[in-house]
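Novice: please work out how this folds:
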Amino acid sequence: MFVPKLALRQRKSIYDVGRKFFTIVGVASLPGSFIVNAPFGRFTPRSPFLTIDGRLGWVLMELWSPLGFIYAMFNSPLSEESPRFSMPQIVLVSCFMVHYLNRGFLSPARAPSRSRMHVFMPLTGLILNTTNGGLIGSYISSPIAFQHLQPETAFSSPQFYIGVFLWAVGFLGNFWADEILSDIRKKGALRGKEKKLSSGAEYYVGGNAWMGVGRITDP
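Specialist: Here you go, the predicted model:
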């Protein structure tokens, strides 16, 4: 996937291993997610040892997916030739990049505060997100994708428009949720000040469906 100098057969084998790895990790980690809390947000260890700034950690965690995507897309590991892109492919590439522009950069920039996170999170993201982006970039630049995503077929297919519509719903949902959490963090900071909590602490607030955090600073 990321070694274009290998033979095509070897690259396809690596791609298949990556697909299986990503599927197995997702299935295997699901039960554990109900037992073990990821070490970020309110579950970050109290000791600052091996923890980093929340915004920086989030960017480092999410950055690898678009980087892996771009690398694989332009190297086209599933083809012997340089990649070719139809307009439907460009639409899908744009959807992916817009999603990660918001998720990886705009979302943490808009947040009033983010709790520190353990370095385990960005290190895990390095592996999983690079694999995720690389797999998608490998497929979107493949001859199979180019063949199936021609304008005369894709733009006349309801499936294509349904997929883009679902992407738009998900994107707007993420944006809306970020705004709600941002508002909760701001309110949490004000409530924390009113309660005269210690400077620099994190004040968590919960509701029926949402929980957020505000960083407490002295007036």
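Novice: and the helix or strand hosting residue 170, what does it pack against?
Specialist: Following DSSP states H and E, one finds residue 170 within helix 158-194. Secondary-structure packing of helix 158-194 (3 or more CB pairs under 8 Å, 6 or more residues apart in numbering; DSSP states H and E): helix 87-101, helix 107-110, strand 202-206, strand 211-215. Using the backbone N, CA and C atoms, a C-beta is placed for each residue, glycine as well.
Novice: state the distance from the residue nearest to the spatial centre of the chain to residue 105.
Specialist: Taking CA atoms, centre = their mean, the centroid of the chain lies closest to residue 62, which sits 4.9 Å from it. Applying CB to CB, to the nearest Å, the value for residue 62 to residue 105 is 8 Å.
Novice: do the same with residue 160
Specialist: Distance, residue 160 to residue 105, using CB to CB: 28 Å.
Novice: now residue 118
Specialist: 21 Å.
Novice: over to residue 145?
Specialist: The gap separating residue 145 from residue 105 is 26 Å, by CB to CB.
Novice: these two: which has the busier surroundings?
Specialist: Each of residue 145 and residue 105 has its neighbours counted (other CB atoms under 10 Å); residue 145 has more, 21 against 16.
Novice: for the more buried one, report the pLDDT, please.
Specialist: pLDDT, the model's per-residue confidence, is 96 for residue 145.
Novice: that one against residue 89, yeah?
Specialist: Yes. Counting by CB atoms under 8 Å, residue 145 touches residue 89, with 6.2 Å between them.
Novice: tell me the contacts of residue 101?
Specialist: Counting by CB atoms under 8 Å, 6 or more residues apart in numbering, residue 101 makes contact with residue 66.
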